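Engineer: I need the structure of the sequence given here:
(one chain, ligands or ions: 1)
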Amino acid sequence: MTVLYKRVALIGLGLIASSMAHAMRAQGLAGEIVGHAKSAETRDIALEIGLCDRVCTTAAEAVQGADLVVLAVPVGAMAEIAGEIGPRIAKGATVTDVGSVKRAVIAAVAPLLPAHVTFIPGHPMAGTEYSGPRSGFATLFQNRWWLLTPLPGTDPARLERLRGLLTAIGARVDTMDADHHDLVLAVVSHTPHLIAYTMVGVADHLAQVSNSEVIQYSATGFRDFTRIAASDPTMWRDVFLTNKDAVLDVLGRFTEELFVLQRAIRMGDGDLLHAYFTRTRAIRRGIIEAGQDTSAPDFGRVASTKSTGS
Ligand code: NAP
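Structural biologist: Numbering: from 1, shown residues only. The predicted structure is shown next:
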């Protein structure tokens with residue numbers, strides 16, 4: 001057990017922060033874990049289940065004396081928090097965030113932090129459709145990517161220290177430019193979520209398919225859409241509002257592909273459909289080979305703690 005940070009302040013105590021708390025505690029990586037969440041209810045639960053050593057009623061209080069501050073609130077709340085904690089952060093501290101979008105978070109947060117702190121934006125590509133302080137678990141980040149988008153001139157020693165913490169809690173860490181991150185995420189996460197929300201909405205609107213049939217026969221593919229479409233509404237609203245350009249770009253490409261397949265179906269072009277599905281099957285195999293999912297026929301859906309890589 002090596003203590004990597006003497007005091008870690010978790011701002012926001014939902015799925016990601018509570019998973020970090022469990023994982024850091026399991027490995028003894030933080031001398032002290034201090035937390036803050038907006039509602040008294042979440043703060044009380046955090047105390048009750050022993051998520052943090054201390055829970056503070058304000059974010060400004062929570063960050064005092066911390067050498068690592070983690071912003072784990074919805075993307076739309078990052079600026080408000082940064083404005084509140086900026087004047088109270090200890091000299092030399094590292095601040096990171098876990099927001100699903102990077103360019104907008106950097107634009108909102110970086111100008112509000114004092115020059116003496118190092119801001120290293122980040123994004124764990126791990127998640128489930130559950131939220132709140134009780135939803136976290138220590139293995140959420142196991143073998144999942146955690147992307148860091150350091151700003152130019154970031155102190156390499158601080159970056160390595162943060163990388164050390166994230167690696168110790170099981171993540172595979174990579175660094176990239178924020179704009180590139182947002183485009184990649186629009187392809188692998190944001191647009192698929194939008195499509196899942198849409199498909200579930202379509203089923204809901206189809207009056208001739210009764211609700212009971214939708215549920216009874218859901219195992220045929222629809223079930224996976226519903227799981228994704230159950231993801232937190234606040235988080236996903238903020239993702240689409242802040243990664244607008246990349247999502248609209250990918251959505252445009254998606255619509256074009258959909259028209260290609262729609263036309264092939266209409267024209268009875270089986271060769272095109274077969275070739276297309278052969279290519280997509282190879283992508284799925286690549287994901288399994290890369291260890292990012294299992295080949296189990298039920299998608300490895302063994303427990304509610306399955307990480308989706310959001
Ligand atoms: P969550 O479970 O919904 O928790 C959000 C937490 O933020 C709650 O504790 C909430 O407090 C707190 N919060 C919201 N507004 C606040 C404010 N103004 N001041 C202080 N606390 C505030 O969310 P999450 O899934 O952990 O997501 C957190 C961040 O991680 C988001 O930026 C999201 O984009 C990112 N992320 C999520 C996933 C995922 O799959 N869930 C994956 C990767 C990254 P209350 O409970 O009191 O409302």
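
Engineer: mind checking how far residue 260 is from the ligand?
Structural biologist: Applying C-beta to the nearest ligand atom, to the nearest Å, the value for residue 260 to the ligand is 31 Å. Where C-beta positions appear, they are placed from N, C-alpha and C, glycine not excepted.

Engineer: In three-state terms, label that residue for me.
Structural biologist: Three-state assignment for residue 260 (DSSP: H, G, I helix; E, B strand; the rest coil): helix.

Engineer: and it, how many residues sit next to it?
Structural biologist: For residue 260, the count of nearby residues is 13 (other C-beta atoms under 10 Å).

Engineer: Now do the contacts for it.
Structural biologist: 272, 276 (C-beta atoms under 8 Å, 6 or more residues apart in numbering).

Engineer: Residue in the stretch 101-250 of the chain with the shortest distance to the ligand?
Structural biologist: residue 127 (1.9 Å; C-beta to the nearest ligand atom).

Engineer: I'd say that residue and residue 16 touch.
Structural biologist: Yes - with contact defined as C-beta atoms under 8 Å, residue 127 counts as touching residue 16 (7.4 Å).

Engineer: Give me the pLDDT value at residue 299.
Structural biologist: According to the prediction, residue 299 has pLDDT 50.

Engineer: Repeat that for residue 199.
Structural biologist: On pLDDT, residue 199 comes in at 88.

Engineer: Might one say that it is in contact with residue 222?
Structural biologist: Yes - with contact defined as C-beta under 8 Å, residue 199 counts as touching residue 222 (7.3 Å).

Engineer: Please state the offset of stretch 126-133 from the chain centre?
Structural biologist: Mean C-alpha position of stretch 126-133 versus that of the full chain (C-alpha atoms, centre = their mean, to the nearest Å) differs by 9 Å.

Engineer: in that stretch, what's buried?
Structural biologist: 126-131, 133 (16 or more other C-beta atoms under 10 Å).

Engineer: How far does that stretch stretch from one end to the other?
Structural biologist: End-to-end span of stretch 126-133 (C-alpha to C-alpha, to the nearest Å): 16 Å.

Engineer: for stretch 29-49, same thing?
Structural biologist: 19 Å.

Engineer: Name the nearest residue to residue 181, sequence neighbours excluded.
Structural biologist: Excluding the flanking residues, the one nearest residue 181 by C-beta to C-beta, 6 or more residues apart in numbering is residue 102, at 4.7 Å.

Engineer: Could you measure from the one you found over to residue 165?
Structural biologist: Look at residue 102 and residue 165: by C-beta to C-beta, to the nearest Å, they are 19 Å apart.

Engineer: Likewise for residue 155?
Structural biologist: Distance, residue 155 to residue 165, using C-beta to C-beta: 15 Å.

Engineer: Look at these two and report which has more neighbours.
Structural biologist: Counted by other C-beta under 10 Å, residue 155 and residue 165 do not tie: residue 165 has more neighbours, with 25 against 13.

Engineer: The residue lying closest to the more buried one once chain neighbours are set aside: what's it in contact with?
Structural biologist: Nearest residue to residue 165 in three dimensions, chain neighbours excluded: residue 4, at 4.9 Å (C-beta to C-beta, 6+ apart). By C-beta under 8 Å, 6+ apart, residue 4 lies in contact with 29-30, 161, 164-165, 168.

Engineer: filter these by proximity to the ligand?
Structural biologist: Restricting those to those within reach of the ligand (C-beta under 6 Å from any ligand atom) leaves nothing.

Engineer: okay, the residues you listed in TSV with secondary structure next?
Structural biologist: As requested, the contacts of residue 4 are exported to TSV (three-state DSSP):
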residue	secondary structure
29	coil
30	strand
161	helix
164	helix
165	helix
168	helix
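
Engineer: right, and residue 9 touches residue 34 too?
Structural biologist: Yes - between residue 9 and residue 34 there is a contact at 4.9 Å, judged by C-beta under 8 Å.

Engineer: which residues do the two both contact?
Structural biologist: 62, 66.

Engineer: quick one, which of those two is more surrounded?
Structural biologist: Between residue 9 and residue 34, residue 9 has the larger neighbour count (other C-beta under 10 Å), namely 31 against 22.

Engineer: Would you double-check that the more buried one falls in a strand?
Structural biologist: Yes - Residue 9 sits within a strand when classified using three-state DSSP.

Engineer: What sits closest to it if chain neighbours are left out?
Structural biologist: residue 66 (3.8 Å).

Engineer: would the one you found count as being in a helix?
Structural biologist: No - applying three-state DSSP, one finds residue 66 to be coil, outside a helix.
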